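>>> Sharing a model prediction with you, sequence too.
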Amino acid sequence: MAWLQLSVKTGQANAEALAAFLEELGAVTVSLSDAGDEPVLEPKPGEMPLWANVTAHALFNEGTEQASLRDVVAATYPDCADTIVFAELEDREWLNEWKRDTSPKQYGQRLWVCPWEEQPEDDNSVAVYLEPGLAFGTGDHPTTAMCLRWLDANPPAGGKVLDYGCGSGLLAIAAVKLGANRADCVDIDPQALIATNQNALQNGIADKICSFEPAKLADTGFEIVLANILSGILVDLSSTLTGLMSPGGQLVLTGILAEQAQTVIDAYAGSVKLSVAAEEDGWVMLAGRNR
């Protein structure tokens, strides 16, 4: 079975309404993506993480009449009429397609991130296995890659790690596999917590991973605190994150553009002396110890 894909661009204000409208027209599924080049790593509490300019991709059953579909979308959203594009997609097993396109990737000396049924090239490696899913993260983004390489170079020797803004739980799982006794994971998105728990289970370390909404995190004294979220939120969370650290504990922050680094450094200066530990593609990672 083939599919008809309709793609149309709109602004943030209309994105959710447009997606709902396309579903009413019979779309089997609708997904939203960035129509520009605007990074959105983590929303503030209660915010919908959408970009300023959005592309909606809607899949319709094979045989759906393009002309009438175009007319009704254009009539309802005339400002978007010139951006409507159709494409015919052959049916594929998307999970297997992802596996073919994703190979094991190495971060540092020992750490690898692999799709299921794939093995790292080094028999002495430490491997994290992930499947695509809710809040999925593979380590491809520079901010995540820098954190993974930092963990490989600074393997947790026992103790406990906090992954604040955990997404797929990738950083927490890597920390445990590299030697942490346990890792707590925090995210405002319930789907991220589901993904984290599932990935921990599939990696065989569910007993060492706990996930929470921010308000339900009760523990403190973390030897390593990791946070890969936007710089503005990191500034807002400065007292929260430093209050969760053990004396002499390490703080690793990313999701920060190079020009934003000093603002974040200044926000934490009273408790942690941060410095740029890595930089990649315009993003920086800051690291430092609790005073």
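Yep, it's here.
>>> And the helix or strand in which Ala145 is found, what's buried?
Element membership for Ala145 (DSSP states H and E) is helix 142-153. Neighbour-count burial for helix 142-153, counted by 16 or more other CB atoms under 10 Å, picks out Pro142, Thr143, Thr144, Ala145, Met146, Cys147, Leu148, Arg149, Trp150, Leu151, Asp152. Where C-beta positions appear, they are placed from N, C-alpha and C, glycine not excepted.
>>> elements contacting it?
Using 3 or more CB pairs under 8 Å, 6 or more residues apart in numbering; DSSP states H and E, the elements in contact with helix 142-153 are strand 105-107, strand 111-115, helix 170-177, strand 222-228, strand 245-257, strand 275-280, strand 283-289.
>>> List just the one of the ones you listed that sits closest to Ile205.
helix 170-177 (5.1 Å; CB to CB).
>>> so what secondary structure elements neighbour that closest one?
For helix 170-177, the packing partners by 3+ CB pairs under 8 Å, 6+ apart are strand 111-115, strand 126-130, helix 142-153, strand 160-164, strand 182-186, helix 190-202, strand 209-212, strand 222-228.
>>> Look up how far Gly249 lies from Asn290.
Counting by CB to CB, to the nearest Å, the gap from Asn290 to Gly249 is 5 Å.
>>> no no, Gly179
Gly179 sits 16 Å away from Gly249 when distances are taken as CB to CB.
>>> So between these two, which is more surrounded?
Gly249 (22 against 14; other CB atoms under 10 Å).
>>> For that one, give me its contacts.
Residues near Gly249 by CB atoms under 8 Å, 6 or more residues apart in numbering: Gly221, Phe222, Glu223, Ile224, Val225, Arg289, Asn290.
>>> just Glu90 next, same as before
Glu90 makes contact with Ala2, Trp3 under the criterion CB under 8 Å, 6+ apart.
>>> Surely Val235 is within a helix?
Yes - counting by DSSP: H, G, I helix; E, B strand; the rest coil, Val235 is part of a helix.
>>> Enumerate the beta-bridge partners assigned to Ile224.
Val161, Gln250 (DSSP bridges).
>>> list the contacts for it?
Asn154, Pro156, Gly159, Val161, Leu162, Ala175, Ala180, Gly249, Gln250, Leu251, Val252.
>>> quick one: it from Leu217, how far?
From Ile224 over to Leu217 (counting by CB to CB), the distance is 15 Å.
>>> coming back round to it: including distance to Ala195, could the buried residues of helix 142-153 go into TSV?
Output for those, formatted as TSV (distance: CB to CB, whole Å):
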residue	distance to Ala195
Pro142	21
Thr143	18
Thr144	14
Ala145	19
Met146	21
Cys147	17
Leu148	17
Arg149	22
Trp150	22
Leu151	19
Asp152	22
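>>> now those residues as a markdown table including pLDDT and distance to Asp71?
Output for the buried residues of helix 142-153, formatted as a markdown table (pLDDT from 0 to 100; distance: CB to CB, whole Å):
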| residue | pLDDT | distance to Asp71 |
| --- | --- | --- |
| Pro142 | 89 | 43 |
| Thr143 | 91 | 43 |
| Thr144 | 91 | 43 |
| Ala145 | 92 | 45 |
| Met146 | 95 | 48 |
| Cys147 | 96 | 48 |
| Leu148 | 96 | 49 |
| Arg149 | 97 | 52 |
| Trp150 | 97 | 53 |
| Leu151 | 97 | 53 |
| Asp152 | 96 | 55 |
